[in-house]
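Participant: Dropping the sequence and predicted coords here.
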Amino acid sequence: MSFMSKTAAFLGRNALGNLVSESIAIDLGSAATIVYVHGRGIVVDEPSLVARNTMTGEVVAIGLEAQHMYGREPRDVTVIAPLLDGVVADFERTKEMLAYFVRKARGGNSYFSRRALMSVLFGVTQVERRALLNAAEHARIGRVAMIEEGLAAAFGAGVRVDDTHASAVVDIGSGTTNVAIVANGAIVHGRAERIGSWHINAAIIDHVRRHRGLVIGAHSAERLKLELASAILPADLAEEITIKGRDVFSGGPGAIEITAGEIFPVAQHVVHKIVESVGTTLTELPPEVAGDIYERGIILTGGGAQFGGLDDYLREYTKLPVRVPDEPRYAIVRGLAHMFDEPLWLRRVLRSERQGLLHVDTDYFD
């Protein structure tokens, strides 16, 4: 008799239900971690940040609390992003961060999660997959299956597992851009580039420092991106805002006025690289698949899909229709969650992906 069966017999089914939480879906991204609990919806949506004491190594804050410290950390504290470009960069901090988010998602008295689906970047190595699985095991999740981000985003955007025609999904995250061509519930062609919306922020920081003599932080760069930057020519090039930081020459506090016209080419340089990778992927498709994409166009998902004018730029570059689903940030976790309602679809996807579970057990589908 398994441990869970013995526990059920000892505690009774109702007590076991309090000990073990329901199925969860996890989109563990470089910028944010989103957790969905079956029957409750999205219960965690927080930055993938960890604040730790540099002297002791102790974690002092995670998620939103760490974000509030970012850029204004106490003397002995540093804030890090343990995932870089969609993969684990700091294994120990990733374990602690995921465990924290999963505990927060469970709520109540539950101690274990029965099963989880987790998204994974297209083309990650087995070593990188194992790091994520180990982090999930540390978070006390019983069974874990991994589905590639592009496939999950497609399902979250309305593509059906049994759709025999191909669909093109472009998921733009903070540090990565995933291009997935999906048909028959599987990825028939894909590409993952380590470039995303965060690289626009990095380009803005570099431009302001080199050409305007002001060092600005991540929050200020994000503000410039959201308020002034655009993938297409802004309607008002003269629109400007004041941005503050540290003067490069004096070393003291400083401020400058910066316009939309100045920021536009900085952001567009990064956008062009992102869209260029999409165009390259489309040139590699078999004729029948290319015909499907010509008819259906492109589905644009991820947090980067909300960047101003990006859908118009992609539409102009590819000469294809571009559709942005509702709440594109949640496309991946929505697609993972949908699998819990369609167990036959989940079996089919895992079989076609030749996925392994943390504990190989058909009870995953019960």
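Facilitator: Thanks, I have the structure now. Residues are numbered from 1 along each chain as shown.

Participant: Pass me the low-pLDDT residue ranges in the chain, would you?
Facilitator: The chain contains residues with pLDDT under 70 at 1-21, 108-113, 352-366.

Participant: Return the list of helices and strands in contact with the lengthiest helix in the chain.
Facilitator: Within the chain, and with DSSP state H defining each element, the longest helix by residue count is helix 260-282. Helix 260-282 sits against strand 167-172, strand 177-183, strand 186-193, helix 198-212, helix 310-318, with contacts defined as 3 or more Cβ pairs under 8 Å, 6 or more residues apart in numbering; DSSP states H and E. To be clear about C-beta, it is placed using only N, CA and C from the backbone, and glycine gets the same treatment.

Participant: ok, 6 Å please
Facilitator: For helix 260-282, the contact count by 3 or more Cβ pairs under 6 Å, 6 or more residues apart in numbering; DSSP states H and E identifies strand 177-183, helix 198-212 as packing neighbours.

Participant: what sits up against the last one?
Facilitator: Okay, so that is helix 198-212. Helix 198-212 has contacts (Cβ atoms under 6 Å, 6 or more residues apart in numbering) with 174-175, 214-216, 221-222, 224-225, 256, 266-267, 270.

Participant: one step back: A61 is nearest to which of the helices and strands packed on helix 260-282?
Facilitator: helix 198-212 (20.7 Å; Cβ to Cβ).

Participant: in the closest one, what's buried?
Facilitator: The neighbour-count check on helix 198-212 (16 or more other Cβ atoms under 10 Å) flags 198-201, 203-205, 207-208, 212 as buried.

Participant: Distance to R334 for these - can I get that in TSV?
Facilitator: Compiled in TSV, the buried residues of helix 198-212 are given as follows (distance: Cβ to Cβ, whole Å):
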residue	distance to R334
W198	22
H199	25
I200	25
N201	26
A203	30
I204	30
I205	32
H207	35
V208	36
R212	41
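
Participant: quick one: which of these is nearest L285?
Facilitator: Lowest distance from L285 to the buried residues of helix 198-212 (Cβ to Cβ) belongs to H199, with 25.9 Å.

Participant: measure A135 to T33 for me?
Facilitator: Look at A135 and T33: by Cβ to Cβ, to the nearest Å, they are 11 Å apart.

Participant: Repeat that for A180.
Facilitator: Computed with Cβ to Cβ, the distance linking A180 and T33 is 21 Å.

Participant: higher neighbour count, the two?
Facilitator: Using other Cβ atoms under 10 Å as the criterion, A180 and T33 rank with A180 on top: 28 against 25.

Participant: and the more buried one, what is it in contact with?
Facilitator: Shown in contact with A180 (Cβ under 6 Å, 6+ apart): 150, 169, 187, 190.

Participant: between these, which is nearest S230?
Facilitator: The shortest approach to S230 among the contacts of A180 belongs to V169, at 23.2 Å (Cβ to Cβ).

Participant: what sits against the closest one?
Facilitator: Neighbouring residues of V169 by Cβ under 6 Å, 6+ apart: 150, 153-154, 180, 299.

Participant: Between those, identify the one with the most neighbours.
Facilitator: A153 (34 neighbours).

Participant: Need the three-state assignment for that one.
Facilitator: When classified by DSSP: H, G, I helix; E, B strand; the rest coil, A153 comes out as helix.

Participant: Could you measure from it over to D206?
Facilitator: With distances taken as Cβ to Cβ, A153 is found 30 Å from D206.

Participant: Buried ones only from the contacts of helix 198-212, please, as a ChimeraX command.
Facilitator: Buried members of those, identified by 16+ other Cβ under 10 Å, are gathered into one ChimeraX selection as follows:
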select :174,175,214,216,221,224,225,256,266,267,270
